[in-house]
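*Asks:* coordinates only, sequence not included:
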């Protein structure tokens, strides 16, 4: 026994034929080539920029921009710096992305479910909608809404109006703005209390159902709580809310909230376009749930709505959410087309105007791309986390 | 006990379970909600469809010498606006007496591609290879000229639908090999190769095409020594190819993942080296699987080519929008221009998406035996 | 309570009278007449496409019939929503492909219907579920997910899931035909045990002749959408009358 103790190890091939060494050499060569390429690009760029007299560095961010922006979510004027321009553009990009995601999701779900309707006409209308808008470039649709539809709107004097407080004309959509009075704080507090109460109620109802089996109409009671309680407090505190209604002064409307036509056109185009993709995702997600699941749920006695709620939707959502997030990402990236119609997003005001004025292409393009990369990374991290959490356990 | 050897004849379904009335009842009027939905749907169709048909066909002006003939009450679309400038819409600023050159290239491409769609064509691989590798050079010589006594026509004269097609075809053609290499790299066991490919792919997939186009048109000249100011179209093409290759890589990777592990093992067991097993065994199978995915990527690229108008190239959209739209003799026909461009893009994309769907169906049936 | 009284008044658990069904223009079921007594155990067999699955799917109204009547516990099935809920809690069903809910654990699969339909407290539902899991001999799998179980285990869970609703009638739609051979017996053992306890009306579409011989009160042979032969298992297998039955039996034996 002791004699055979010297262990047998497999003998190794000569190193030039050893796949491990080959791989190592290959990788070292590859990384040297990439490094050399990057190095020469950086060298050339610095040299070229010097030759053209373009300054480098991020000092320009604190210089005065000298131009105003059509739509800003933070105070901004031509006195502001390029750094502010960046922030205003970024916020505008985030605004249109957020609005687009909300509307595209709502529309997409409606159309996707309509596609599966047992009503032939409704299903066909949904299909035609999808096939038309999915196959036309977004940029054309955007230009169509902006140049054709919104340009055809009447002038400020002949605006379309609803209840004399909403106005639509060639300059945009005007909405009443809420003006909060002194006592509104109480209503806000009431709303928060209602939210907490709903949360507590949900937990209690679940607990009670587990204990006694009795279901509690949580949805209706919560809705009532959320609406009635703050409303009661609101009225008790003397209804401290008024509306600032836009008014026609001279050639234009003053006051209220203004949605500029660029935002409106972009929002229309991007929601309608993205909704076609979301609709197809929703449809295939629901279709991906095997029909046997519905049959099994029905045959253990669940009714139609319970079958949908407890069996079909939870399974469909697993299929729907990953491609949906990548559509959201696409939407955010597509919002950069805003440039073409002059909506002041980050590409338009920063990569466009600021780049033209300062000429600092490298810094500006890098910053703009970084914004989108951070956005993509965040979303794909979320997706990985979600997939890991929700993946079905398999043998 | 019960026995019968008498097989009953199959009877037609009762009349209330088939026929037009039954169809209407089950598909349109099966419940109160459905009745309401059907009526709303009919109303929607009635509100939308007739005005569109009136505008596009019935009240449209098809031929006119000047814009005055198109204007007036009750007048619909002015297609004369497009037909009078059809040359520009198709070819941009390409000299009209040379239109035969792109035409010839186009006809050649169609003649070469048609046989590829038939199952029985012999030597499909060689023909396909010819279209992918040799044809682009023939087309370039024809359209750009400079050889064989053809006059040189610079790329800044190219435009219209021709440019749209050139950008998208060249884009996918060059992105394909690059994408395949990236996909193989991403699945490699070598950590450095893998991370370089991952970073490359995720970078291009993370940024919008418009920023890529800006970058290639503004920054690319800075990257090379001496500040070479090369062709605007070539600059845009480089950006588009890099961008597109990342998307191709992800589609191809999906195909590589779908190939069962046994195929890799079998290839190695036969004594094939890595590259041989990839090119002889794995890629032919994987690429066949991903053709529908590649067609979809191509559709996306085709729609995205419209973005080149932001860097001053004159593709189909830019011609109808920026060139024809600002022509003082024909002002005010934005709608016609956009609708026409939309229609052309729609036709191409719709046809391609149907093609990819039918391929997918064929693949599915092929795999379940 | 009422229900049981009614049952004793009604001689038949399931009664089909001149049942006809079409898929589009295809006549799948032709004049099916079948009466199943309470506690009776029926095996239906026949070549594929003979309509045997369709028959039992009509019993809990997963398929709609166009002519004729089906009575379950003396009540005609109409498709009325309220009645359907009651019907489906009285009639349990096991599918060829198990159809367990992959997003729920085994225990949750079993307690879903008792909690939401019967409104039973969760703890109680779980206790019942565990009782039935013990009966199908897999109590230790309660917290796993369907994807982690073998086919035979999944089918046993599916049987337990139906039993949790205390059905009076159990339908089995080819419960063993999607299983690997070595798993068939574990499922059949559970079904045989269930049959031997008595009291449960069972209608089972299967080709398992051993099972049919051991537990069935009657065997029904279907072909071309109609009932061709009906007999006790011994008579049916040893002395088939119709030519079609003989042909079919020779084919399964050859197989």
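*Replies:* Sure thing, it's come through. Fair warning: this is a prediction, and the values are worked out from it, not measured in the lab.
*Asks:* residues of the stretch 51-200 of chain B that sit close to chain A?
*Replies:* Applying Cβ under 8 Å from any Cβ of the partner chain, one finds that the stretch 51-200 of chain B approaches chain A through B:189, B:190, B:191, B:192, B:193, B:196. C-beta coordinates here come from the backbone N, C-alpha and C atoms, glycine included.
*Asks:* a markdown table for these, including secondary structure?
*Replies:* Output for those, formatted as a markdown table (DSSP: H, G, I helix; E, B strand; the rest coil):
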| residue | secondary structure |
| --- | --- |
| B:189 | coil |
| B:190 | coil |
| B:191 | helix |
| B:192 | helix |
| B:193 | helix |
| B:196 | helix |
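*Asks:* show me the contacts for residue B:196.
*Replies:* Applying Cβ atoms under 8 Å, 6 or more residues apart in numbering or on different chains, we find residue B:196 in contact with A:30, A:31, A:34, B:185.
*Asks:* which parts of the stretch 101-250 of chain A are strands?
*Replies:* Counting by DSSP state E, counting those that start in this stretch, the stretch 101-250 of chain A has strands at residues A:160-162, A:166-169, A:172-175, A:177-180, A:241-244, A:247-249.
*Asks:* show the subsequent helix or strand relative to the last one.
*Replies:* On the C-terminal side of strand A:247-249, the nearest following helix or strand under DSSP states H and E is strand A:252-254.
*Asks:* any idea of the mean pLDDT for the next helix or strand after that following strand?
*Replies:* Later in the chain than strand A:252-254, the nearest helix or strand by DSSP H and E is strand A:257-259. Per-residue pLDDT values over strand A:257-259 give a mean of 79.
*Asks:* kindly state the domain boundaries assigned to the chain.
*Replies:* All of this refers to chain A. A:82-133+A:261-390, A:178-241 (automatic domain parsing).
*Asks:* actually it's chain B I care about, not the one you picked
*Replies:* According to automatic domain parsing, the domains of chain B span B:95-152, B:158-363.
*Asks:* measure residue B:13 to chain C for me?
*Replies:* Residue B:13 is 4 Å from chain C, where distance means Cβ to the nearest Cβ, to the nearest Å.
*Asks:* please state the backbone phi and psi of that residue?
*Replies:* phi -60, psi 150 (degrees, to the nearest 10).
*Asks:* tally of neighbours for it?
*Replies:* 20 (other Cβ atoms under 10 Å in any protein chain shown).
*Asks:* same deal with residue A:330?
*Replies:* A count of nearby residues for residue A:330, using other Cβ under 10 Å, gives 17.
*Asks:* how far away is it from chain B?
*Replies:* Following Cβ to the nearest Cβ, the distance that separates residue A:330 from chain B is 9 Å.
*Asks:* next: residue C:67.
*Replies:* 6 Å.
*Asks:* residue contacts, the nearest residue to that residue once chain neighbours are set aside?
*Replies:* Counting by Cβ to Cβ, 6 or more residues apart in numbering or on different chains, residue C:20 is the residue found nearest to residue C:67 once chain neighbours are left out, at 3.8 Å. Applying Cβ under 8 Å, 6+ apart to residue C:20 gives the contacts B:11, C:27, C:29, C:30, C:31, C:32, C:65, C:66, C:67, C:68.
*Asks:* by neighbours, which of these wins?
*Replies:* For these, neighbours were counted using other Cβ under 10 Å, and residue C:29 has the most, 26 neighbours in all.
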